[in-house]
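S.K.: next comes the sequence, and after it the predicted model I'd like to discuss.
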Amino acid sequence: MTAAASSDADLIAAHAAGDQHAFAELVRRHRDRMWAVALRTLRDPEEAADALQEAFISAFRAAGSFRAESQVTTWLHRIVVNACLDRVRRRQARPTVPLPEAGPGEPVTPRDAMAERETRLVVRTALAELSEEQRVPIVLVDVEGYSVAETAKLLGIAEGTVKSRCARGRAKLAKVLGHLRNPDADANVPGGAVDEGRTTPIRRRWEGR
Amino acid sequence: MTDELRGASPDGPPWSVDLLADLHAGVLDPQRSARLWPRVNADPAARAVVNALESVRVGLGELSAAPVPPMPTHLAARLDAAIAVEAGRAFGHAPVAVQEPPRPAPVIDLAEARRKRNRRTGLAVGLVAAAAAAVAIGYGVLPTTQPTGGVAEPAPTASKPGSSDQPGAVSPIPVQSNDLIGATAKVGNKKDYGFLKNADGLGKCLTANGQDAKAQPIGVSPVTLDGTPGVMAILLTGQIGRLRVVVVQPDCHALFNDVIGR
């Protein structure tokens, strides 16, 4: 039953029916994609691996309650996200341990930003610049494709808070990625501010126009 | 945050990036939003900021469809081992020996793994490799059904040449009791039951020493433990990075029977 040709739903059904190999096949199929989800959400590979393990074990046990009307990938994705969010909450409850960031404190030159901003690597790196409070909603909404309402439910916060955190996060990313780095921009937007150090709060209102 | 500032600021040039980000994200109330959009659209600089924010959103969206690097091998092996443990428990074919009292829904102790993560050494590599080998045993060698519930005979493909075909033909592996971790790496996934002859023989000795006779060993090999001949069996414990090592003599007397690892 664990043939590669079996559908995900078939594998879940086989697993629920007692096929001891079916779930391992499911894991094999989706491990890397779910790994990416976990890593984007948690950043720390070890923590992401732990979350993924928790998620797959949860899925293993809950497979009997899987309903065929939803896609297995969607179902797994949700379980992985929940496992990651549990870890985020636990992490927030304990002292923060700074994670390494690429080029901390180094100014981003316009040339580099122009050269690199098209690359996904830069986007991933830029995500690391965000606080967890901003990064997690951004990852859920903009990367993973959850609606604001779904994200609010997942995170246990108001929809307006999700929108607001996404707004702040996008603004910071736009700056980090150099999208706002345009000193020659029309005077109506304070472009000079985005040429300041990356740590400069971009939420301040620019004056002097 | 900036909500206070926003309330005191005019909705127009000089534009606040925060205000434009809020507008773009749908944070503002519908009336204010409806009032602002025409002004923003009419202002190239404000429009540029909104476009930049939208570029960010699109770029993030592309991440989900991007090719993803595979999960690192050692982490994937750990995951596979955990699933194997879970499968063993759920389906009762016992690919692992569970030493702890049965729990309704046992989970590998991630907290402990995290606490001790920084102390990982070569041991971790060896144990992960062993766990991966166990997965190979559990999923690649075990027959699909086991009518008697007993331990499946390993398939020849899982054995080293000259091992299970000729038990004891290979010289015992010299092992020191102060380096059992190194010993597990030497034994690896060998399946040489030596004087115990086969899995049944090992099962009897495991039972005699309080272990699950149905436990599927990761590896079995004749050894000399501090110079005394015996057969070593390496068993999973259900905990990441921890293995049970049992070394027995022909009469099942245990020269060693304990958990090693982190």
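M.R.: Done, it's in.

S.K.: low-confidence stretches in chain B?
M.R.: Within chain B, the set of residues satisfying pLDDT under 70 comprises B:1-10, B:92-170, B:182, B:185, B:188-189, B:237-242, B:261-262.

S.K.: could you pull out the strands in it for me?
M.R.: Using DSSP state E, the strands of chain B run over B:173-175, B:219-225, B:228-236, B:242-248, B:254-261.

S.K.: could you dump those to TSV with distance to residue B:19 and mean neighbour count?
M.R.: C-beta: built from backbone N, CA, C; applies to glycine. Formatted as TSV, the strands of chain B follow (distance: least, C-beta to C-beta, whole Å; neighbours: other C-beta atoms under 10 Å in any protein chain shown):
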stretch	distance to residue B:19	mean neighbour count
strand B:173-175	71	18
strand B:219-225	65	24
strand B:228-236	58	25
strand B:242-248	56	25
strand B:254-261	56	17
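
S.K.: so which of those comes closest to residue A:164?
M.R.: With C-beta to C-beta as the measure, strand B:242-248 is the member of these nearest residue A:164 (45.5 Å).

S.K.: the closest one vs strand B:228-236, what angle?
M.R.: 150 degrees (axes from the mean of the first three to the mean of the last three C-alpha atoms, to 10 degrees).

S.K.: identify the residues contacting residue B:60.
M.R.: A:123, A:127, A:138-139, A:142-143, A:173 (C-beta atoms under 8 Å, 6 or more residues apart in numbering or on different chains).

S.K.: out of the residues you listed, which is nearest to chain B?
M.R.: Nearest to chain B out of the contacts of residue B:60 is residue A:142 (C-beta to the nearest C-beta; 3.7 Å).

S.K.: please tell me I have it right and that closest one contacts residue A:167.
M.R.: No: contact between residue A:142 and residue A:167 fails when scored by C-beta atoms under 8 Å: they sit 11.3 Å apart.

S.K.: so who does residue B:79 touch?
M.R.: Applying C-beta under 8 Å, 6+ apart, the residues contacting residue B:79 are A:27, A:31, A:49, A:52-53, A:56, B:71.

S.K.: let's see 6 Å
M.R.: Residues in contact with residue B:79 (C-beta atoms under 6 Å, 6 or more residues apart in numbering or on different chains) are residue A:53.

S.K.: contacting residues for residue A:20?
M.R.: By C-beta under 6 Å, 6+ apart, residue A:20 lies in contact with B:87, B:91.

S.K.: show the pLDDT at it.
M.R.: At residue A:20, the model reports a pLDDT of 83.

S.K.: walk me through the domains of chain A.
M.R.: A:1-99, A:101-209 (automatic domain parsing).

S.K.: give me the most central residue, chain A.
M.R.: The C-alpha lying nearest the average C-alpha coordinate of chain A belongs to residue A:139 (C-alpha atoms, centre = their mean; 3.0 Å).

S.K.: buried residues in stretch A:37-46, which are they?
M.R.: The neighbour-count criterion (16 or more other C-beta atoms under 10 Å in any protein chain shown) identifies A:37-44, A:46 as the buried residues of stretch A:37-46.

S.K.: and of the domains of chain A, who's closest to residue B:210?
M.R.: Comparison of those against residue B:210 by C-beta to C-beta identifies domain A:1-99 as nearest, at 26.2 Å.

S.K.: poorly predicted segments of chain A, please.
M.R.: A:1-5, A:69, A:94-119, A:181-209.

S.K.: which parts of it are helices?
M.R.: Ranges of helices in chain A, per DSSP state H, are A:8-16, A:22-42, A:45-62, A:72-92, A:110-116, A:120-127, A:132-138, A:148-155, A:159-176.

S.K.: please apply the same query to the stretch 1-150 of chain B.
M.R.: B:3-8, B:17-25, B:30-41, B:44-65, B:73-91, B:110-115, B:122-135 (DSSP state H, counting those that start in this stretch).

S.K.: thinking again about what came up before, which one of the domains of chain A lies closest to residue B:226?
M.R.: domain A:1-99 (36.0 Å).

S.K.: coming back round to it: so which of the buried residues of stretch A:37-46 also contact chain B?
M.R.: Checking those against chain B by C-beta under 6 Å from any C-beta of the partner chain, the ones in range are residue A:46.

S.K.: from the buried residues of stretch A:37-46, which is closest to chain B?
M.R.: For the buried residues of stretch A:37-46, with chain B as the reference and C-beta to the nearest C-beta as the criterion, the closest is residue A:46, at 6.0 Å.

S.K.: which residues does residue A:138 contact?
M.R.: So residue A:138 contacts A:166, A:169 (C-beta under 6 Å, 6+ apart).

S.K.: ok so, going back, let's have the helices of chain A in JSON lines, adding distance to residue B:18.
M.R.: Converted to JSON lines, the helices of chain A look like this (distance: least, C-beta to C-beta, whole Å):
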{"stretch": "helix A:8-16", "distance to residue B:18": "43"}
{"stretch": "helix A:22-42", "distance to residue B:18": "25"}
{"stretch": "helix A:45-62", "distance to residue B:18": "31"}
{"stretch": "helix A:72-92", "distance to residue B:18": "24"}
{"stretch": "helix A:110-116", "distance to residue B:18": "21"}
{"stretch": "helix A:120-127", "distance to residue B:18": "18"}
{"stretch": "helix A:132-138", "distance to residue B:18": "13"}
{"stretch": "helix A:148-155", "distance to residue B:18": "18"}
{"stretch": "helix A:159-176", "distance to residue B:18": "6"}
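
S.K.: need the winner for burial among those helices.
M.R.: helix A:159-176 (a mean of 25; mean count of other C-beta atoms under 10 Å in any protein chain shown).

S.K.: would you mind getting the angle between that helix and helix B:44-65?
M.R.: If you take the same axes, to 10 degrees, helix A:159-176 sits at 100 degrees to helix B:44-65.

S.K.: what angle do helix A:159-176 and helix B:17-25 make?
M.R.: 120 degrees.
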